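[1] sequence? don't have it. structure:
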């Protein structure tokens, strides 16, 4: 129960005020990342003057911003000096190998934020105000930005997804990674199975990022490119496994069933389709992060949604899959849905 509504607490409008002011938290964190404040604090000594000097900013501005970040639990302030919390040290200081600060570029992209200024209109019409097909318009450059900046968020999911997709299979195999983006999921399959050949499918400009990552991982000789729309290109095959990572949520059920039928046709008998997605409980209001993702789809796409496991299972079944199962990834808001051809 929300503490604002508990019988022991007097009724308060604090929750309303917090939601109306929530944009300040987003802007503050994005500004701190842009100014490189977390690196400056990590290097020390953490006083206002040194942070301001390192970040080429005013002392007044640094003090107020760092105080705000402290109030919101991102930093700690002691004796006039700021230092990291464990979270900011691990995930916001760019010197940390676990840093996810680059995500601010994509998540703070003006194109992704603009629809929220028109959310009432979007709710009335049931679709985004972005032109064309919204974020999934053909060759949308925002997906190059996604591939370049969102890999830190996705990296922890690559191992669990790849293990489920491989299902212990060794030896020669072919894998198709649909809407590959940064390519990390297919690349992880190639790393886990030295005899696997992976085909990354996405827009050509996005696949340029995936190939660079394949080269960094040393698997470029087993990583092939299939540029174009997942709905139009010939998948080829047959494949032992097909990955659909963070893709189905962009479209309506009928579109997803059509794509899954195409995936089914590209698989060997007994081959596996592995979908990684935000999957809320059947009530659609928990867990908070996957359930809230539906609003992102409402704001940015004509018909996307956060689908429950029963809804994804029904899509898989209609496309001809069997032995369908859901596998929540520990310490993650995402779930892998598996089905066999």
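    Received the coordinates, thanks. Quick caveat, the model's predicted, so the values are computed rather than measured.
[2] so which bits of the longest helix seen in the chain are buried?
    In terms of residue count, the longest helix belonging to the chain (DSSP state H) is helix 151-166. Burial within helix 151-166, assessed by neighbour count using 16 or more other Cβ atoms under 10 Å, is assigned to 151-155, 157-158, 160-162, 164-166. (C-beta placed from N, C-alpha, C; glycine too.)
[3] burial measure for residue 103, as a count.
    Other residues near residue 103 number 18, with proximity taken as other Cβ atoms under 10 Å.
[4] ok, it - contacts?
    If you count contacts by Cβ atoms under 8 Å, 6 or more residues apart in numbering, residue 103 has them with 149, 150, 152, 153.
[5] just put those in TSV and tack on distance to residue 67 and pLDDT.
    As requested, the contacts of residue 103 are exported to TSV (distance: Cβ to Cβ, whole Å; pLDDT from 0 to 100):
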residue	distance to residue 67	pLDDT
149	28	88
150	30	86
152	27	85
153	28	82
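[6] now, which of those sits nearest residue 181?
    Nearest to residue 181 among those is residue 150, at 7.5 Å by Cβ to Cβ.
[7] could you chop the chain up by domain?
    Domain assignment for the chain, taken from automatic domain parsing, gives 3-101, 139-290+301-340.
[8] residue ranges for the strands of this structure, please.
    For the chain, applying DSSP state E gives strands covering 75-78, 81-84, 173-178, 196-202, 223-227, 239-245, 267-278, 322-328, 334-340.
[9] so which of those strands comes closest to residue 294?
    Among the strands of the chain, if distance is taken as Cβ to Cβ, the winner is strand 267-278, at 8.3 Å.
[10] any idea how far the closest one is from the middle of the chain?
    Chain-centre distance of strand 267-278: 19 Å, with Cα atoms, centre = their mean, to the nearest Å.
[11] ok, back up a step: would you mind listing the two of the contacts of residue 103 that lie farthest apart?
    Longest distance between any two of the contacts of residue 103 is 9.0 Å, between 149 and 153; criterion Cβ to Cβ.
[12] of the buried residues of helix 151-166, which is the nearest to residue 21?
    Distances from the buried residues of helix 151-166 to residue 21 were compared by Cβ to Cβ; the smallest belongs to residue 153, at 25.4 Å.
[13] please list all residues in contact with that closest one.
    Contacts of residue 153 were listed using Cβ under 8 Å, 6+ apart, and they are 100, 103.
[14] where does this structure have low pLDDT?
    The chain contains residues with pLDDT under 70 at 1-7.
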